[in-house]
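Visitor: I would like the atomic coordinates for the input below:
(one chain, ligands or ions: 2)
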Amino acid sequence: IRINNKNDPVIFFGDGPDSNFIYYKECAPRVTCKRNAIYRTADGTCNNLRNPLWGSSETPYIRLSEAAYNDGYYEVRKQVDGSRLPRPRQLQLLLFLPKSMDYLDSNNYHLSQFGQWANHDISLMPPDTSGPERCCSIPIYEINRNSPYQCQLAIEIPTNDIILSRFEQTCMEFKRAMTAANNFDCPVIPQTPKGGGTSRKAFDLKFIGVKCKIKVFYLFTGRSRSDWCRRQFVEGGKMNQATSFFDASQLYGHKLDTAKSIRSFDGGKLKTDIINGHEFCPQKKRQGSLLCDDRDNVNICFEAGDPRLNQHFGLTAYTTMFTRFHNIVTNKLQKINPEWSDEVLYQEARKFVGALNQIIVYRDYLPILLGKSFTKRVGLDISRNRRTQYDPSIMPQLTTEFAGGAFRVPHNTLPSTYDYINKNYKVVDSVKFYQWMSKPDPLVMGNNFDQIVRGMTTSAGRLFTPSFNFFISNLMFHTHVTGNEDLLSVDIQRGRDVGIPPYTIVRKLCGFPEVNSFEDLLNIIPNYDVKLLKEQYATVYDIDLLVGALLEPPVDGGTVGQTAQCILADVFYRIRYGDRFFFDVRFQPGSYSLAQLRTLRKIDLGHVLCATTELDEVPMNIFKPSKHSPMMKCKYKLSKLDLSAWRK
Ligand code: HEM
Ligand SMILES: [Ca+2]
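Guide: Ligands and ions are numbered 1, 2, ... in the order given. Okay, here's the model as predicted:
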């Protein structure tokens, strides 16, 4: 793997992008493209005209480095000395939970909420639900290699767990991630007969064996046959169900059938339900929804492009606001161009909302996440003078290191409580958000919606620390039948599930000085944490990526450490420069005019809040709480939302 830039690793060229070769060659659906289409397809196909599936939904995450598995392709890795890795919950209890105090950040709640919103646009790594409904119905000490494979990584809770032992909980739900083999009938990686068992190896050997006899495969890749064949074992990807472009597919759907199911087919609008006089996403039927139907007392459950929208009300509020915003844009466009059909209005508004999301990500969000000067240096900023140059050779897919590891670092900024703040800026109520997970009921009552959004806007968020908040660390999904979960334990376990290489390997890949002993870590991570790491891991080479990345101090002007910065920058680069429809790319069918770009660049998240809620002012710098930014009147902001540049 070659790194593009001497000091700032940004994009990795080399082996990573052509992994999953078999998937694209053998298993992926065939698509034909309209070369001069002016709008994106719903599922992201045909963005790259040479490789129409690149970046589309239901294609595998790529890897920057070989997967780290004990058997090379599936079993969780062991430590260098052959022992089991430390239990995720134990790492949480010893290294992170003692630091789970909340400190006030100089950013507001929108920084983290927009982060999750943006993540849901590009990444959906679903669990494999084809096995038992609840893995913890099997006693944790009886789970072994013969148990259903989906459940083999259920998380053990130590009996001396100071929090969860109070609930007499010894097991935390965890299902292995969906794979191409098991869920998409593609033998890229081992296939298991339903119900588990150990025959996966035999199947895989047969498949790979046949392929490896065909000369053209290894000649084509330019590697030695044995090397190529070995890599095919380990690189079978986990499926990304989202389109990896920033195209607002969390709002519109990652596939055409979802997209159609939430359109009203009238004036380009998305379907909505009016509840208590306000416009919300359409209500979903209870049965079959991803998150709402596991409890009894849920009255409200919405539907939108991405199935996770009901996870907690901050996210539901975002989906609601962008749905309302889409419909506002269609209204404006219809006034300007009364002759436009439903289809044109829908597509133009969708394109507009997608472009706006890209602008918010690259202009406003990334500088805070990765540091302002860094984003500029590596070409991730938005500049009036320099348009994005599309490069069809860049693979616009997320990496496993990103989705299974580095982009989970911002989970450390999730707030514990939400304030309801009224028009007079009085806190009228405050709730712990875990109490309302998968239950967006409070959003629709009285003035709650506006009060919650006002609270997210004016209050300070949670400061970056090497810990997740107490509630998400112990009581996530508290009210669900599945029992309490700990997001950090799940995240650490997920890294192992998807075969993320250890922290030291990823650091090396990023071009940082090699770490070969715990002493070498002392330059990077505080002494007391290094001491704890040494007590938990057999060698320095065993540390999980997320554990190391969380313990690193934030980079200059950013809110993640340097290893996360490196992995994140690579992906944000890929899905921008590898996106033919990126909003400011020139000379493509449907590229925006200069006047349209000028309008778009005047808009930020604040306009969306102003247009879709009853807030009458928002911070000038939308990611800052009112204490750190002057406020600006919505009346003024909305006057800038003038779409006359769209007049045909
Ligand atoms: C209150 C807010 C949030 C909650 C409750 C939450 C919860 C979760 C949960 C339960 C998962 C699935 C874990 C697994 O089974 O592997 C997940 C995945 C993930 N989260 Fe969050 N999260 C939140 C905010 C964020 C934010 C702010 C970011 C990043 C800026 C983020 C990034 C991710 C990523 C990258 C994944 C994995 C890949 C995927 O499926 O997209 N999340 N989160
Ligand atoms: Ca997308």
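
Visitor: mind listing what the spatially most central residue of the chain touches?
Guide: The centre of the chain sits closest to Asn119, judged by C-alpha atoms, centre = their mean, with a distance of 3.1 Å. Residues in contact with Asn119 (C-beta atoms under 8 Å, 6 or more residues apart in numbering) are Phe407. Placement of C-beta: from N, CA and C, glycine included.

Visitor: That one: helix or strand, and which one exactly?
Guide: In this structure, Asn119 is located in helix 109-122 according to DSSP states H and E.

Visitor: Show me the contact partners of the helix or strand just after that helix.
Guide: Where DSSP H and E defines the elements, the next helix or strand beyond helix 109-122 is strand 155-156. By C-beta under 8 Å, 6+ apart, the residues outside strand 155-156 that reach it are 87-89, 140, 170-174, 486, 489-490, 493.

Visitor: picking up where we left off before, CA atoms only for the helix holding Asn119 - export them in CSV, please.
Guide: Extracted in CSV, the C-alpha atoms of helix 109-122 (Å, rounded to 0.1, in the frame of the first residue of the first chain):
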residue,chain,number,x,y,z
TYR,A,109,-25.4,18.6,20.1
HIS,A,110,-25.6,19.0,16.4
LEU,A,111,-22.0,18.1,15.9
SER,A,112,-22.5,14.6,17.1
GLN,A,113,-26.1,14.3,15.8
PHE,A,114,-25.1,15.5,12.3
GLY,A,115,-22.2,13.0,12.5
GLN,A,116,-24.6,10.1,13.0
TRP,A,117,-26.9,11.5,10.3
ALA,A,118,-24.0,11.6,7.9
ASN,A,119,-22.9,8.2,8.9
HIS,A,120,-26.3,6.7,8.1
ASP,A,121,-26.0,8.2,4.6
ILE,A,122,-22.8,6.2,3.8
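
Visitor: for the contacts of strand 155-156, which one is nearest Gln588?
Guide: Val490 (40.1 Å; C-beta to C-beta).

Visitor: Can you tell me the closest non-neighbouring residue to the closest one?
Guide: Phe174 (6.2 Å; C-beta to C-beta, 6 or more residues apart in numbering).

Visitor: Could you tell me how many residues sit around the residue of the stretch 51-200 of the chain found nearest ligand 2?
Guide: With C-beta to the ion as the measure, Asp121 is the residue of the stretch 51-200 of the chain nearest to ligand 2, at 4.3 Å. Other residues near Asp121 come to 26 when the count uses other C-beta atoms under 10 Å.

Visitor: How about the backbone phi and psi for the residue in the stretch 251-400 of the chain that ligand 1 sits nearest to?
Guide: Among all residues of the stretch 251-400 of the chain, His312 sits closest to ligand 1, at 5.1 Å; criterion: C-beta to the nearest ligand atom. In terms of degrees, to the nearest 10, the main-chain angles of His312 are phi -160, psi 160.

Visitor: Tyr69 too?
Guide: Note on Tyr69: backbone dihedrals following degrees, to the nearest 10 are phi -130, psi 150.

Visitor: for it, what are its contacts?
Guide: Neighbour list for Tyr69: 75-77, 234, 499 [criterion: C-beta under 8 Å, 6+ apart].

Visitor: Repeat the analysis, applying 6 Å as the threshold.
Guide: The neighbours of Tyr69, taking C-beta atoms under 6 Å, 6 or more residues apart in numbering as the test, are 75, 77, 499.

Visitor: how close does it sit to Gly511?
Guide: 25 Å (C-beta to C-beta, to the nearest Å).

Visitor: The closest residue to Gly305 other than its chain neighbours: neighbouring residues, count only.
Guide: Excluding its sequence neighbours, the residue lying closest to Gly305 (C-beta to C-beta, 6+ apart) is Gly253, at 3.9 Å. When neighbours are counted by other C-beta under 10 Å, Gly253 registers 23.

Visitor: Check the gap between Leu94 and ligand 1 for me.
Guide: According to C-beta to the nearest ligand atom, to the nearest Å, Leu94 and ligand 1 sit 21 Å apart.

Visitor: Need the phi and psi values for the nearest residue to that residue once chain neighbours are set aside.
Guide: Computed as C-beta to C-beta, 6+ apart, the closest residue to Leu94 that is not its neighbour in sequence is Leu532, at 6.0 Å. In terms of degrees, to the nearest 10, the main-chain angles of Leu532 are phi -70, psi -40.

Visitor: Also Leu270?
Guide: phi -90, psi 150.

Visitor: check contacts around it.
Guide: Contacts of Leu270 (C-beta under 6 Å, 6+ apart): 262, 323, 326.

Visitor: ranges for the helices of the stretch 451-600 of the chain?
Guide: Using DSSP state H, counting those that start in this stretch, the helices of the stretch 451-600 of the chain run over 470-474, 487-497, 503-509, 527-536, 545-551, 562-577, 594-601.

Visitor: Lys637: how many residues sit nearby?
Guide: If we define neighbours as other C-beta under 10 Å, then Lys637 has 21 of them.

Visitor: and the stretch 151-300 of the chain, which of its residues are near ligand 2?
Guide: By the rule C-beta under 5 Å from the ion, the part of the stretch 151-300 of the chain lying against ligand 2 is 243, 247, 249.

Visitor: any chance of those in TSV, with neighbour count and distance to Tyr362 too?
Guide: Output for those, formatted as TSV (neighbours: other C-beta atoms under 10 Å; distance: C-beta to C-beta, whole Å):
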residue	neighbour count	distance to Tyr362
Thr243	33	17
Asp247	32	14
Ser249	30	17
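
Visitor: Quick check: helices, which of the residues you listed are part of them?
Guide: Among those, DSSP state H puts Ser249 in helices.

Visitor: Out of the residues of the stretch 151-300 of the chain next to ligand 2, which is nearest to Gln588?
Guide: Asp247 (14.1 Å).

Visitor: Backbone dihedrals for that closest one, both of them.
Guide: Main-chain dihedrals, Asp247, degrees, to the nearest 10: phi -130, psi 20.

Visitor: Pretty sure it sits against Arg40.
Guide: Yes. Applying C-beta atoms under 6 Å, one finds Asp247 in contact with Arg40, separated by 5.3 Å.

Visitor: check contacts around the closest residue to ligand 1 within the chain.
Guide: Using C-beta to the nearest ligand atom, the point where the chain gets nearest to ligand 1 is Gly115, with a distance of 2.8 Å. The neighbourhood of Gly115, defined by C-beta under 6 Å, 6+ apart, consists of Pro410.

Visitor: measure it to Asp121 for me?
Guide: Counting by C-beta to C-beta - Gly115 and Asp121 are separated by 11 Å.

Visitor: Most proximal residue of the stretch 351-500 of the chain with respect to ligand 2?
Guide: Nearest to ligand 2, among the residues of the stretch 351-500 of the chain, is Gly354, at 8.3 Å (C-beta to the ion).

Visitor: In three-state terms, how would that residue be classified?
Guide: helix (DSSP: H, G, I helix; E, B strand; the rest coil).

Visitor: for it, what are its contacts?
Guide: Neighbouring residues of Gly354 by C-beta under 6 Å, 6+ apart: 247-248.

Visitor: and with 8 Å instead?
Guide: Here Gly354 is in contact with 40, 246-248, 581, 583 (C-beta under 8 Å, 6+ apart).

Visitor: Quick check: of those residues, which has the highest neighbour count?
Guide: Among those, Asp247 has the most neighbours (other C-beta under 10 Å), with 32 neighbours.

Visitor: Not counting sequence-adjacent ones, nearest residue to that one?
Guide: For Asp247, the spatially nearest residue (C-beta to C-beta, 6+ apart) is Gly354, at 4.6 Å.
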